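A predicted structure for the sequence below; I have some questions about it.
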Amino acid sequence: IAYSILELAVLPKGSSIEQVYKNTAALAQRAEALGYERMWFAEHHNMPAITSSAPEILIGHVAQHTSTLRVGSGGVMLPNHSPFVVAEKFGTLGNLFPNRIDLGLGRAPGTDQQTARAINPGFIEATHSFPSDIEKIQHYFSTDNKTSKVRVTLAEGVDVPIYILGSSTDSAHLAAQKGLPYAFASHFFMWI
């Protein structure tokens, strides 16, 4: 059985965020030594105890401190980001850490509505463009994009597997339609 870790980088009372990130790297090293397959970071915002709001930065941090562990997002909440910028960031990570980076994409903003509006005033519309935004990211990573006027050259041809995340059957159906793996966001139900 392949084991993986979903990391929220929780800030314990009396600790510092710097210490949380050091602990996260140490956890990743231990997980790698024990044969764990991957560590993913969840993007959540405006939650004082959760410090994983910038998963791509933590992915780079942990990948730098490990050598075989796959590291990725569980997930990048796509309504908060442009597909172009996501491809740039994960293309960069994919070049820095070849064959070790995963890109999980979620449809929700990963926060409350007021904070979602602060991140992206058009977040509701962005949730509706989720299927087409995934296609844009796939295109930016494709070698077929070399003839496009808008290119993310550092992502073209880079192997970064894309996963669709969700807590409902809607995203599961979308993953099936696109032939992409689906990851169920079961950690939500621990908080209910």
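Happy to help now that I have it.

these two touch, right, R117 and F123?
Yes: between R117 and F123 there is a contact at 6.5 Å, judged by C-beta atoms under 8 Å. Every residue, glycine included, has its C-beta placed from N, CA and C.

Centre-most residue in the protein?
The chain has S73 as the residue nearest its centroid, 2.2 Å off, counting by C-alpha atoms, centre = their mean.

Check the offset of the helix or strand harbouring it from the chain's centre.
Secondary structure assignment for S73, by DSSP states H and E: strand 70-77. Strand 70-77 sits 2 Å away from the centroid of its parent chain (C-alpha atoms, centre = their mean, to the nearest Å).

Stretch 104-124 too?
For stretch 104-124, the distance to the chain centre is 14 Å (C-alpha atoms, centre = their mean).

Just the endpoints, please. Distance across that stretch?
20 Å (C-alpha to C-alpha, to the nearest Å).

which other residues reach stretch 134-151?
For stretch 134-151, contacts defined as C-beta atoms under 8 Å, 6 or more residues apart in numbering pick out 78, 83-84, 86-87, 91, 103, 105, 152, 155-158, 160, 162, 164, 174, 178, 180.

Check stretch 108-123 too.
With C-beta under 8 Å, 6+ apart, stretch 108-123 has contacts from 42-47, 77, 79-80, 126-127, 167.

Can you measure across that stretch, start residue to end residue?
9 Å.

Tell me the buried residues in that stretch?
By neighbour count on 16 or more other C-beta atoms under 10 Å, the buried set for stretch 108-123 is 108-111, 115-116, 119-120, 123.

Serialize those residues to a markdown table and add fields for distance to F141.
Shown next, in a markdown table, are the buried residues of stretch 108-123 (distance: C-beta to C-beta, whole Å):
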| residue | distance to F141 |
| --- | --- |
| A108 | 23 |
| P109 | 23 |
| G110 | 22 |
| T111 | 27 |
| T115 | 29 |
| A116 | 26 |
| I119 | 24 |
| N120 | 23 |
| F123 | 24 |
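
What is the nearest of those to A63?
G110 (21.5 Å; C-beta to C-beta).

where does the closest one land in three-state SS?
coil (DSSP: H, G, I helix; E, B strand; the rest coil).
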